[in-house]
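Asks: Just a sequence and a predicted model for now, questions to come.
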Amino acid sequence: MSEIIENPWARLRSFTHARLALGRAGDSLPTSEVLAFNLAHAQARDAVHNMLDTDGIASDLTASGFQSIVVQSAVRDRAEYLRRPDLGRKLNDASRSALIESTYLDGCHPERGAEGSTSPDESRCEAPSIVFIVADGLSARAPARHAIPVLREISGKLEGWRIAPIIIATQARVALGDEIGELLHAEMTVMLIGERPGLSSPDSLGIYLTYRPRVGCTDADRNCISNVRPQGLSYEAAAHKLHYLMTAARRIGASGIALKDESETAFLPGV
Amino acid sequence: MLNEFALNYNAAMTYTHTIGSRTWRFDDLKTLLAKSSPARSGDELAGIAAGSEEERVAARMALAEVPLKRFLEEAVIPYESDEITRLIIDTHDANSFNEIGHLTVGDFRNWLLSTSTDTDTLTRIAPALTPEMAAAVSKLMRNQDLILAAQKCRVVTRFRNTIGLEGRMSVRLQPNHPTDDAKGIAASMLDGLLYGCGDAVIGINPASDSLAAVRTLLDMLDKFRERYEVPTQSCVLTHVTTTMRAIEQGAPVDLVFQSIAGTEKANSSFGVNLALLKEAREAALELRRGTVGDNVMYFETGQGSALSAGAHHGVDQQTCEARAYAVARAFRPLLVNTVVGFIGPEYLYNGKQITRAGLEDHFCGKLLGLPMGCDICYTNHAEADQDDMDTLLTLLAVAGVNFIMGVPGADDIMLNYQSTSFHDALYARRILGLKRAPEFETWLEKMGITDGQGSLADRLPPSAARLLESA
């Protein structure tokens, strides 16, 4: 005889993926539910602690026709990442040098760049209009699964935009994009970063747009598209929203609270 | 009296303590408080924590010698530049302070633990205490002290039912959904009610801040509550300004929700100040929707929020948190909820730090006269798991926490963190014999959801099955 008291309202589960009608052993959770919860938590914990496979992402990007550069924040390891968000917002010295070097080669560095120009905007160099950054954040699984499909969707809409090589960033917080964007004199950055993993969503991707990024930008200067994954916001819908925001940011010369997301009133194809 | 404070206030002094041949110095009261605090990652991140374990204890020894009166002379954030400091000083009750005004912080701990200090005494001296006094004494207390003293405090509040009576513990039913889908929310709400939860409030964190979406949820909750005559209150946890607009439009608002913090600058980053909260409370009071009382505010707090907003002024996160309770108590709330583990490991690193913070917050809030509940919770990037939550739940239930959260299976699918479940509430009731709010307990029995002892019925009777028809 089963010791479990079942709940006769299991049909409510069709309305939500919340953990409903779990039944009980006495007042407590049945063994199967305790184990199912343990598994979901284990997967979310692994998502936090797994490292981003930068080589794999770089070769996938190459196969999709993108160049890439790998950088790391000033954080040394995952334990430090979790305790020191301030370090996750700064590049380490080697990465900073690598980015400066790459812009120097393109003739974009303000000190050593096109002669006579003091402002990178007015220089004859090819400062990018958009820098995409693929970052681990709190779930390396999210960018590993969803970043390239989103990049493929959005890049098809960006005719005439100067797209910088894709930056692959590890031990990264959202604001790391500000230093990257500033070094590359980008008109805007779009960071595709792993969100804080939930028990039911260990691989949710967040997309942050920052216009005229510079060190010291805050959340109020950014627009965010959240919960990008097949079970949440689809790649196509995310790219649609992102394209709307990028175009609007360029039009009004700002992102963040000045820029309202009205993409839902704009045409949304087939979603 | 005010002028006297304005003259004497803010004068800093150096505090010292000598251990062997070494004299430890602490430049001012806020430094002394910060160095005395039990270790936590947020104070380390802010660069204000003790540099060694010995320094921490030296600071505590110096703090134990500080007279409580000193806290009325030296502000941790200047009176002139922070409206919460002004609120604390201007509303301090000098008469009831006479009873404890001769004590040092160390004496005060002994006094709190004395058997002669009972519930009536603690209720009487609550307005004599500043948040900094509560924070200071908590730093000298072990976990068992925080539990023992809090258990002697009793704070009872009322709206449609009575929360905080001795031997009772209420539950906020939290039926969140990632897209605010009304059917999804209703399904989780039914599950919670059928598990006997929801007497503190049925409270939804909406995914959208839009007024239209908030109104839809308010209407849905209110229709359901009226149809089944549930003796509880509902709340959509949106920004206070959105709730005020909903009230203007005639929406059925029971409680006004707002997240608050312990410095003016941090509250300003939340888009609130004392005047705005006062205006919102008055608007809710005018609706006269409470049937057994008029506590209409629901506040949430949590250690680390001031630092996170860059607005801590060098004050440690536990003292900042206690100052948030000064804000709360100015508005006679129904519920104050410290969301202890939500903020993440850069502020509270692991289960040990979350547990300690939960006990501190509950103790300080109760001592200051607040109806404290706790969202016993953690995120997946913290070094914590459900075992840590079981421990903190057990400790807080013993300490007499007014309410906890009830989330289906402890998994909040909208906010992406883990809290306590409907089952967890049943566990606490079973081991400690804790009852629900009396009005709600009666309703559950009438519906056949529970038996005469408050235990869940093994079979669902027709009256309770009717609830499911609404799905």
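Replies: Looks like it arrived, so ask away.
Asks: what residues does the stretch 301-450 of chain B put near chain A?
Replies: B:344-346, B:349, B:379-381, B:385-386, B:408-413, B:416-418, B:421, B:423, B:426-427, B:429-430 (CB under 8 Å from any CB of the partner chain). Yep, even glycine has a C-beta here, placed from its N, CA and C like the rest.
Asks: Repeat the analysis, applying 7 Å as the threshold.
Replies: B:345-346, B:349, B:379-381, B:385, B:408-409, B:411, B:413, B:416, B:418, B:423, B:426-427, B:430 (CB under 7 Å from any CB of the partner chain).
Asks: Buried ones from those, can you make that a ChimeraX selection?
Replies: Listed next is the ChimeraX selection for buried residues among those, using 16 or more other CB atoms under 10 Å in any protein chain shown:
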select /B:345,346,349,379,380,381,385,408,409,411,413,416,418,423,426,427
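Asks: Which single residue in chain B comes nearest to chain A?
Replies: B:Gly409 (2.5 Å; CB to the nearest CB).
Asks: Quick check, that residue in contact with A:Thr16.
Replies: No. Between B:Gly409 and A:Thr16 there is no contact under CB atoms under 7 Å: 11.2 Å.
Asks: Please narrow the residues of the stretch 301-450 of chain B next to chain A to those residing in strands.
Replies: B:Asp411, B:Gln418 (DSSP state E).
Asks: Can you tell me the SS state at A:Tyr81?
Replies: Secondary structure for A:Tyr81, judged by DSSP: H, G, I helix; E, B strand; the rest coil, is helix.
Asks: Tell me the predicted confidence for it.
Replies: A:Tyr81 is assigned 96 on the pLDDT scale.
Asks: And for A:Gln231?
Replies: 86.
Asks: what's the burial count for it?
Replies: Using other CB atoms under 10 Å in any protein chain shown, A:Gln231 has 12 neighbouring residues.
Asks: next one: A:Met191
Replies: Neighbours of A:Met191 (other CB under 10 Å): 30.
Asks: Surely A:Pro8 is in contact with B:Pro462?
Replies: No. Applying CB under 7 Å as the test, A:Pro8 and B:Pro462 come out as separate, 11.9 Å apart.
Asks: Comparing the two, which shows the higher neighbour count?
Replies: A:Pro8 (12 against 7).
Asks: Kindly state the pLDDT recorded for the nearest residue to the more buried one once chain neighbours are set aside?
Replies: Spatial nearest neighbour of A:Pro8, excluding adjacent residues (CB to CB, 6 or more residues apart in numbering or on different chains): B:Leu460 at 5.7 Å. Per-residue pLDDT puts B:Leu460 at 81.
Asks: What's the separation between B:Leu460 and B:Leu396?
Replies: Separation of B:Leu460 from B:Leu396 (CB to CB, to the nearest Å): 30 Å.
Asks: now B:Leu103
Replies: From B:Leu103 over to B:Leu396 (counting by CB to CB), the distance is 27 Å.
Asks: of these two, who's got more company?
Replies: B:Leu396 (27 against 18).
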